[in-house]
Structure formats: structure tokens, C-alpha cells
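*Asks:* The sequence and its predicted three-dimensional model are supplied below.
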Amino acid sequence: MFDLVRSRGWAWTYLEGGVAGRLPRAAEVLARQESAETATLHVSPVPGVLAVLQLLSAGEVGFDVDLRALRGQRGMDVVCAFLRAIGRRPR
């Protein structure tokens, strides 16, 4: 996801324990201590559409989309394209 955000040029905010910081490499996030603060990545593929990824542990990621921004077909198309991009990203 981190590489996808970089390559697509999506707007993002990375928070660790509520403090904004640079966008780390995925390996850095996954190597954090279990007791580390929760890392959160806010991604906006287009203005007005927000996806929030909560990086809880190496094996657990929470994912939310701000449904308030999804007005009409355009919003749904953006979210579907975003999910498709994530799903097609090679591991």
C-alpha cells in the first residue's frame, strides 16, 4: 500500500500515535514492536474521498472509507477504482 500511495501520487497523512510523520516503508511499519502506538495511514485518491488504514500489527489491518464523501455514482466509481488498484498491486 505504501508503494502504491507513492507511485499514484495520492494525497496521504501518516500518523503514529496521533503524531504526523513521513511515509515510511512498509517493512519499517511491520517491524515495529507489538507495544508500539497504532499507525494510521489516511489516503485520499481524489479530493473528497478518504480511506483510513489502521496498521494494528503485521497481520492485522483495519480499513475504513469515509462514506459521507460518497455522493452519487462518481464517489462509488472512485472507491471501486481505489480498491481495484489495491487488489491488483503485486505483492
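*Replies:* Great, that's in hand.
*Asks:* Show me the helices in this protein, by range?
*Replies:* Using DSSP state H, the helices of the chain run over 2-8, 26-30, 72-88.
*Asks:* want to throw those helices into JSON lines with mean pLDDT and distance to residue 18?
*Replies:* Where you see a C-beta, it was placed from the backbone N, CA and C, and this is true even at glycine. Formatted as JSON lines, the helices of the chain follow (pLDDT from 0 to 100; distance: least, CB to CB, whole Å):
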{"stretch": "helix 2-8", "mean pLDDT": "88", "distance to residue 18": "19"}
{"stretch": "helix 26-30", "mean pLDDT": "82", "distance to residue 18": "16"}
{"stretch": "helix 72-88", "mean pLDDT": "85", "distance to residue 18": "24"}
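*Asks:* Can you say which of these is nearest to residue 41?
*Replies:* Judged by CB to CB, the one of the helices of the chain that comes nearest to residue 41 is helix 2-8, at 7.4 Å.
*Asks:* Does anything pack onto that closest one? Which helices or strands?
*Replies:* helix 26-30, strand 39-44, helix 72-88 (3 or more CB pairs under 8 Å, 6 or more residues apart in numbering; DSSP states H and E).
*Asks:* and these as JSON lines, adding distance to residue 2 and mean neighbour count?
*Replies:* Converted to JSON lines, the helices and strands packed on helix 2-8 look like this (distance: least, CB to CB, whole Å; neighbours: other CB atoms under 10 Å):
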{"stretch": "helix 26-30", "distance to residue 2": "5", "mean neighbour count": "13"}
{"stretch": "strand 39-44", "distance to residue 2": "8", "mean neighbour count": "20"}
{"stretch": "helix 72-88", "distance to residue 2": "12", "mean neighbour count": "13"}
